[in-house]
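Enquirer: I'd like to go over a predicted model; first the sequence, then the structure.
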Amino acid sequence: HQLVRADALRATDGRRVQVVYPGRDGPGAGPDFVGALVVVEGECLLSGDVEVHLRSSDWSAHGHGHDPAYDGVVLHVALEASAGHETRTFGGRLVPTLPLADALSVSLDYLLLEGPPSVPPGEPCAGCIMGRGAEEMGRALDRAGDARFRAKAARFAAAIACVGPEQALYEGVLTALGYTENAGALAEAARRMPLATLQGLAQGTPPADRIVTIEALLLGAAGLLPSQRPDLSGLTGEDADYAARLESAWRERGPRDTRKPVPLRLFRVRPENHPARRLAGAARLVERHLSPGLALALRRAALAPELSAATVALDAALRVPAEGYFATRYDLGRPLEGRPALVGPERAGVALVNAVLPFLAAWGDLAADRALEERAWALFRSYPGQEDNRVLRRMALRRGLADVPLTTARRRQGLLHLAKGGCCARCP
């Protein structure tokens, strides 16, 4: 990290480049890094893969432009730019090329003689915290949690600059409601049905029909209406009546979208977590906060006089009880045992920690609203850990952290950060 000056990163066409998240090591055959987040001046946040070469012409020499495995590359990094070379994918898309030679903080000769440091200063490996005692390891987890939160806030800052605060938050909340299995799919549904469009259509609808309209638009954007799914044929009674209302609202107000369906996972998903039910919860959040909007409503809640009151207000703003058609169904025509909340306390907490608080920190920073930024950080650092999680327990055991109490969301986020190859930002 310190070997490259971030303020000197420019593509070969002169545009500034910001690496929000470098991604993970590629699986082998294919790009060097996958899942990166990059901002190129004049473009929105780019999400995809990164390929690295000594010379930019190596892209062509290695045949990547004819290989579909490299079609997801959003940034081509090379030590040196080759004159006249451009990077194009198999699909013909032009990819920005980022030469590093002019952005190095040390000379190339020094690098060739000394090589890069095995562990960059201030960036220790996760293993260095093991065996340091519960108190020291707890502090290391706190630092790692802060690093993960900071990275999330940076992604929201890039999204806010691209699509504005309301849309950035809306996409973030729907991503959190999607769980691991459908996070990307619900984020795509949010992009296909932008919040401003959804709000405008909802406000032009009589209040009695508003929820059905918003549900129809979200379910339709996700491809979950009966007309979009052959598995939902043969609905009868109340199910058929409600489906007809949704289809009518979609035909009247929905876009004529010819894109491929959103890649939802419906198999082996717990009924209460089914994406149709989560979108029904999202519909009620949108309807509840039509004015002044979700972002402003959550900002007001976060700035309550006392920190504890702010936590309670934010939780309440995100929870949605079991109500309406989906109170007793997890999908159209699919009965549900009991009446679990559409967005209960656990999922509201996940949305708060992973989307709302990093969004508020980023928004406060961009708007020079120090009170909001500092309150978002304080809420994150004090928010309690949620129910015991088997995956987190397994992670802790593998890393020798079983005796460290995961009492806060901050520490749990820190463990996730270390498990994904992050660092605690400083050796204890």
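Expert: Received the coordinates, thanks.
Enquirer: In contact with L217, which residues?
Expert: Applying C-beta atoms under 8 Å, 6 or more residues apart in numbering to L217 gives the contacts M193, L198, L201, A249, W250, R253, G254. To be clear about C-beta, it is placed using only N, CA and C from the backbone, and glycine gets the same treatment.
Enquirer: Can you add secondary structure, neighbour count and distance to L219 and give those back as a markdown table?
Expert: Converted to a markdown table, the contacts of L217 look like this (DSSP: H, G, I helix; E, B strand; the rest coil; neighbours: other C-beta atoms under 10 Å; distance: C-beta to C-beta, whole Å):
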| residue | secondary structure | neighbour count | distance to L219 |
| --- | --- | --- | --- |
| M193 | coil | 24 | 10 |
| L198 | helix | 23 | 12 |
| L201 | helix | 19 | 14 |
| A249 | helix | 22 | 10 |
| W250 | helix | 20 | 8 |
| R253 | helix | 19 | 13 |
| G254 | coil | 19 | 10 |
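Enquirer: tell me which of those is nearest to R284?
Expert: For these, the minimum distance to R284 (C-beta to C-beta) is 12.6 Å, reached by L198.
Enquirer: What pLDDT is listed against the nearest residue to R16 once chain neighbours are set aside?
Expert: Leaving aside its sequence neighbours, R16 sits nearest to E41 (C-beta to C-beta, 6 or more residues apart in numbering; 4.3 Å). Model confidence at E41, given as pLDDT, is 88.
Enquirer: Make TSV out of the contacts of L217 and add pLDDT.
Expert: Putting those into TSV (pLDDT from 0 to 100) gives the following:
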residue	pLDDT
M193	96
L198	96
L201	95
A249	96
W250	96
R253	94
G254	93
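Enquirer: If we only consider these, which is nearest to R370?
Expert: Out of those, the member with the shortest distance to R370 (by C-beta to C-beta) is L198, at 31.7 Å.
Enquirer: Verify the contact between the closest one and L218 for me.
Expert: Yes - counting by C-beta atoms under 8 Å, L218 is a contact partner of L198 at 7.5 Å.
Enquirer: how about low-confidence regions in the stretch 251-400 of the chain?
Expert: 386-400 (pLDDT under 70).
Enquirer: circling back to that earlier point, could I get the contacts of L217 as TSV with distance to L3?
Expert: Below are these laid out as TSV (distance: C-beta to C-beta, whole Å):
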residue	distance to L3
M193	43
L198	45
L201	50
A249	55
W250	53
R253	53
G254	50
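Enquirer: Where do the strands of the protein begin and end?
Expert: In the chain, the strands defined using DSSP state E lie at 17-21, 24-25, 33-40, 45-55, 73-80, 87-88, 94-95, 97-99, 329-331, 334-335.
Enquirer: what stretches of the stretch 51-200 of the chain score poorly on pLDDT?
Expert: 107-134.
Enquirer: can you map out the helices along the stretch 201-350 of the chain?
Expert: 210-222, 237-253, 275-288, 294-302, 307-318, 345-351 (DSSP state H, counting those that start in this stretch).
Enquirer: what mean pLDDT does the first one have?
Expert: Helix 210-222 shows a mean pLDDT of 97.
Enquirer: Now do it: distance to the chain's middle.
Expert: How far helix 210-222 lies from its chain's middle: 22 Å, per C-alpha atoms, centre = their mean, to the nearest Å.
Enquirer: go on, stretch 362-375?
Expert: For stretch 362-375, the distance to the chain centre is 20 Å (C-alpha atoms, centre = their mean).
Enquirer: Repeat that for stretch 263-271.
Expert: Remark: stretch 263-271 is offset 19 Å from the chain centroid, using C-alpha atoms, centre = their mean.
Enquirer: ok, now stretch 363-378?
Expert: 20 Å.
Enquirer: okay, how far is it across it, tip to tip?
Expert: 15 Å (C-alpha to C-alpha, to the nearest Å).
Enquirer: What residues of that stretch count as buried?
Expert: For stretch 363-378, a neighbour-count test (16 or more other C-beta atoms under 10 Å) marks W363, G364, D365, D369, L372, E373, R375, A376, W377 as buried.
Enquirer: any idea how far Q18 is from the closest residue to the third one other than its chain neighbours?
Expert: The reference is to D365. Distance criterion C-beta to C-beta, 6+ apart; nearest residue to D365, sequence neighbours excluded, is E373 at 5.1 Å. Using C-beta to C-beta, to the nearest Å, one gets 19 Å for the distance from E373 to Q18.
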